[in-house]
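K.L.:
Sequence below, structure please.
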Amino acid sequence: MLKEGDKAPDFTTKDDQGNKVSLKDLRGKKVVLYFYPKDNTPGCTKEACDFRDNFARIQRKGAIVLGVSPEGEKSHTKFKSKFELTFPLLVDQDKTLVNAYGVWQKKSLYGRLFMGVVRTTFIIDEHGKLAKIFPKVKVAGHVDAVLEALGKA
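P.N.:
As a prediction, the model looks like this:
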């Protein structure tokens, strides 16, 4: 399990536009890396729109936002366009990122067990270290907590 202060697992993947995104290329910037279960679902849409609505405030703290779910480029493109999201959504269809960050876990819904993404946010500092981890995120008020943590990171 990852802990605050650990080196963030490096990755290279594509975003919703097919552009290559690599964590090592983002050194020198704070990164808000948030994992969400699925495009176009109520909680995930609310979380994405909260990040969108506070994007300028996050940028003023010297950070960028990257959303990650195990869906493809086409799904991310539609989701981003529909809700006018202002930040990249990273493609993780092979589940490399969700596994590296430990957010692909056993979940339960109505007594049924299944594997899925546990909504989690990581703030990665300018040196590639995990400055703050928000496990099992509740969407309401989450972006405000991220902004507060960015002020300390």
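K.L.:
what's near enough to touch the most centrally placed residue in the chain?
P.N.:
For the chain, the residue nearest the mean C-alpha position is residue 34 (1.6 Å; Cα atoms, centre = their mean). Taking Cβ atoms under 8 Å, 6 or more residues apart in numbering, we find residue 34 in contact with 47, 51, 65-68, 119-122, 137. (C-beta placed from N, C-alpha, C; glycine too.)
K.L.:
a strand runs through it, doesn't it?
P.N.:
Yes. Counting by DSSP: H, G, I helix; E, B strand; the rest coil, residue 34 is part of a strand.
K.L.:
In strands only, show me the contacts of residue 34.
P.N.:
Filtering those for membership in strands, criterion DSSP state E, returns 65-68, 120-122.
K.L.:
Which residue ranges of this protein form helices?
P.N.:
For the chain, the helices defined by DSSP state H occupy 42-53, 55-60, 73-82, 96-100, 142-152.
K.L.:
what would those helices look like in a markdown table with mean pLDDT?
P.N.:
Below are the helices of the chain laid out as a markdown table (pLDDT from 0 to 100):
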| stretch | mean pLDDT |
| --- | --- |
| helix 42-53 | 96 |
| helix 55-60 | 95 |
| helix 73-82 | 96 |
| helix 96-100 | 97 |
| helix 142-152 | 92 |
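K.L.:
and residue 1, which of those helices is closest to it?
P.N.:
Residue 1 lies closest, by Cβ to Cβ, to one member of these: helix 96-100, at 12.0 Å.
K.L.:
same for the helix-or-strand element of the chain with minimal mean pLDDT, what does it pack against?
P.N.:
Taking mean pLDDT, DSSP states H and E as the measure, the helices and strands of the chain show their lowest mean at strand 104-109, namely a mean of 89. With contacts taken as 3 or more Cβ pairs under 8 Å, 6 or more residues apart in numbering; DSSP states H and E, strand 104-109 sits against strand 112-117.
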